[in-house]
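> Got a sequence here, can you build the structure:
(chains A and B)
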Number of protein chains: 2
Amino acid sequence: MEGEKGLLIVLSGPSGVGKGTVRKAIFEQRDIKFEYSISVTSRKMRPGEVDGVDYFFKTREEFESMIKNDELLEYTEYVGNYYGTPVDYVQKTLNEGKDVFLEIEVEGAKQVRNKFPDGLFIFLIPPSLSELENRIKTRGTETDELIRNRMTVAKNELKMMNLYDYVVENDKVDNAVEKIKAIVVAEHCRRNRVEKRYRKILGVE
Amino acid sequence: MEGEKGLLIVLSGPSGVGKGTVRKAIFEQRDIKFEYSISVTSRKMRPGEVDGVDYFFKTREEFESMIKNDELLEYTEYVGNYYGTPVDYVQKTLNEGKDVFLEIEVEGAKQVRNKFPDGLFIFLIPPSLSELENRIKTRGTETDELIRNRMTVAKNELKMMNLYDYVVENDKVDNAVEKIKAIVVAEHCRRNRVEKRYRKILGVE
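Numbering: from 1, shown residues only, chains lettered A, B, ... in the order given. Modelled structure (predicted):
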């Protein structure tokens, strides 16, 4: 594997689908070999969230200064808050040959796809639209208007499925986790990623 | 999944790489959801092999009559013996929505690729050429000349890596099995296979 760059793994999906829950469950697994890139956000901390663990929490002014200084791989403003990925950590970790895992919003994933076409893009979807609405409602931090707003946004986000390499149904968190783990293992065996190296090793260049 | 066809999974690789051993280990797993399509061959039964389990063993005359009657999905003559896949079982099983697993020679895999471009093609490789030679030797059923012959054929087969979707190194059987299982799970999540169905379910066509 000498000198080989790591794989950029991007998990995204519509608002409310449970990206954060699935990501947390993945990183509770013992046999995970990729590094999590913590996002930056200007949104308020939710109960149970920890600064520097769930997100780096910043003010709008701090976030806008990061944008100006080109310190973000991607960012998006979503329902009034900024979300973004610090570029430094991602580049450094990939260069060390380690896989990096991003859990980001759909708009940000689009930006990353342009910069890293070789990345591995996974789209998390709900079992149904009504189930998605339930999940947004039971989060309990949103007003009725915000829920309607989120559902409209989510439908538009679901349409962007075609930008992804894989689609994983989040029917149960454990199922989604198993599938995502399998996708990462499989992707490391994809012929276009490994052919050159193996031809060299086997002397059939 | 209503009405959906199964996935055709093709495991191939050079002579002596251990395709049969890996295939057997896969089918010893409990959580396997695909059906094994037993090949037909005109080669002699090896010690421990069972007719109708490892292969359907036929005479050359019987095999040639199957060719004439178009009863084979693919076939190849390899080091003096015929190997082939009965087409009936494969079509029937795929139409029932079940995945079918073929373990076949490289030449046959090429024929299947032409008939089933949507199939999932996995190429098993040895860790090195010298390790491949060891494996062919320790099989113990071949003369020195046959070993040299097989090594020449194997090198040419290795060059056909580019026809496959995935490359799996058979360093240890357990590792290869885990990777192949992951590849099948992942492939069922590939966007181009599932997008149409999910867009329908979610009403974002």
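> Next, count neighbours for A:Met45.
12 (other C-beta atoms under 10 Å in any protein chain shown). Every residue, glycine included, has its C-beta placed from N, CA and C.
> That one: what's it in contact with?
Residues in contact with A:Met45 (C-beta atoms under 8 Å, 6 or more residues apart in numbering or on different chains) are A:Asp51, A:Asp54, A:Tyr55, A:Phe57.
> Let's see that with 6 Å instead.
Contact partners of A:Met45, counting by C-beta atoms under 6 Å, 6 or more residues apart in numbering or on different chains, are A:Phe57.
> secondary structure class for it?
What DSSP: H, G, I helix; E, B strand; the rest coil gives for A:Met45 is coil.
> Just the pLDDT at it, thanks.
With respect to pLDDT, A:Met45 has a value of 94.
> Now it. Its backbone dihedrals?
phi -60, psi 140 (degrees, to the nearest 10).
> how much space is there between it and chain B?
31 Å (C-beta to the nearest C-beta, to the nearest Å).
> Over to A:Arg46?
From A:Arg46 to chain B the distance is 26 Å (C-beta to the nearest C-beta).
> repeat for A:Pro127
Distance from A:Pro127 to chain B, by C-beta to the nearest C-beta: 8 Å.
> In which helix or strand does A:Lys137 reside?
Assigned by DSSP states H and E, A:Lys137 falls within helix A:129-139.
> swap in A:Val167?
According to DSSP H and E, A:Val167 maps onto strand A:166-169.
> I'd like to know which elements the helix or strand that that strand is followed by is packed against.
Note on strand A:166-169: by DSSP H and E, the next helix or strand toward the C-terminus is helix A:173-187. In terms of contacts (3 or more C-beta pairs under 6 Å, 6 or more residues apart in numbering or on different chains; DSSP states H and E), helix A:173-187 is packed against helix A:19-27, strand A:166-169, helix B:173-187.
> Let's see that with 7 Å instead.
Contact here means 3 or more C-beta pairs under 7 Å, 6 or more residues apart in numbering or on different chains; DSSP states H and E; on that basis helix A:173-187 packs against helix A:19-27, strand A:120-125, strand A:166-169, helix B:173-187.
> would TSV of the ones you listed with distance to A:Met151 be doable?
Below are the helices and strands packed on helix A:173-187 laid out as TSV (distance: least, C-beta to C-beta, whole Å):
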stretch	distance to A:Met151
helix A:19-27	16
strand A:120-125	14
strand A:166-169	19
helix B:173-187	30
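> which of these is buried the deepest?
Using mean count of other C-beta atoms under 10 Å in any protein chain shown, the stretch among these with the largest mean neighbour count is strand A:120-125, at a mean of 25.
> re the thing from before, give me the contact list for the strand holding A:Val167.
For strand A:166-169, the surrounding residues in contact (C-beta atoms under 7 Å, 6 or more residues apart in numbering or on different chains) are A:122-125, A:127, A:161, A:176, A:179-180, A:183, B:186, B:189-191, B:194-195, B:198.
> let's see it at 10 Å
A:11, A:13, A:17, A:22, A:120-128, A:161, A:175-180, A:182-183, A:186-187, B:186-195, B:197-199, B:201 (C-beta atoms under 10 Å, 6 or more residues apart in numbering or on different chains).
> Assign a three-state SS to A:Met66, would you?
A:Met66 - assigned by three-state DSSP - is helix.
> Quick one: mean pLDDT for the strand holding A:Val167?
For strand A:166-169, mean pLDDT rounds to 98.
> Stretch A:94-101 too?
The model assigns stretch A:94-101 a mean pLDDT of 95.
> Over to that stretch now: how far is its first residue from its last?
Stretch A:94-101 has an end-to-end distance of 10 Å (criterion: C-alpha to C-alpha, to the nearest Å).
> Next up, phi/psi of the residue nearest the centre of chain A, please.
For chain A, the residue nearest the mean C-alpha position is A:Glu103 (2.2 Å; C-alpha atoms, centre = their mean). Main-chain torsions, A:Glu103, degrees, to the nearest 10: phi -120, psi 110.
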